[in-house]
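J.: sequence and predicted structure are below.
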Amino acid sequence: MKNSWKAAVAALLILQLEHYREKREKIQELYKQIEIAKLRLEQKKRKNKGIPDEKKEAFNELSQKYNSLREEYIALSRELN
């Protein structure tokens, strides 16, 4: 009985570790995407003066994507802490 309990605990710890690593990787990927979106936003912001509405709409969509990625990143980061 003790050995099966120890095996179950070990298996659970392995699963928890894998889950933690997956979340960590997701957080790192989100961080990269946030940084890329942030750079693109800064570039578009500089070029956005006197630009037609359709380009401004694209800028707004990119801003929304950035905010969405950032919110997901923050939520996952909080789960790990």
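T.: Structure's in. What do you need?

J.: kindly list the longest helix within the chain.
T.: If you go by DSSP state H, the chain has its longest helix at helix 2-47.

J.: which helices and strands does the helix or strand that that helix is followed by pack with?
T.: Per DSSP states H and E, the first helix or strand lying C-terminal to helix 2-47 is helix 53-80. Helices and strands touching helix 53-80, by 3 or more Cβ pairs under 8 Å, 6 or more residues apart in numbering; DSSP states H and E, are helix 2-47. The way it works is simple: take the backbone N, C-alpha and C, and place the C-beta from them, glycine included.

J.: name the residue closest to the centre of the chain, please.
T.: residue 30 (2.7 Å; Cα atoms, centre = their mean).

J.: which residues touch the closest residue to residue 37 other than its chain neighbours?
T.: With sequence-adjacent residues excluded and distances taken as Cβ to Cβ, 6 or more residues apart in numbering, residue 37 is closest to residue 66, at 4.0 Å. By Cβ atoms under 8 Å, 6 or more residues apart in numbering, the contact set of residue 66 is 34, 37-38, 41.

J.: which residues does stretch 22-37 contact?
T.: 62, 65-66, 69-70, 72-73, 76-77, 79-80.

J.: quick one on the thing from earlier: from the chain's centre, how far out does the longest helix of the chain sit?
T.: Centroid separation for helix 2-47 versus its chain: 8 Å, with Cα atoms, centre = their mean, to the nearest Å.

J.: so that helix versus helix 53-80, what angle?
T.: 150 degrees (axes from the mean of the first three to the mean of the last three Cα atoms, to 10 degrees).

J.: quick one on the thing from earlier: how close does the residue nearest to residue 37 get to residue 58?
T.: Noted for residue 66: a distance of 13 Å to residue 58, by Cβ to Cβ, to the nearest Å.

J.: for residue 36, same thing?
T.: 16 Å.

J.: ditto for residue 26
T.: Using Cβ to Cβ, residue 26 is found at 27 Å from residue 58.

J.: what do you get for residue 2?
T.: Taking Cβ to Cβ as the measure, residue 2 falls 62 Å from residue 58.

J.: more neighbours: these two, which one.
T.: More crowded of residue 2 and residue 58, by other Cβ atoms under 10 Å: residue 58, with 13 against 6.
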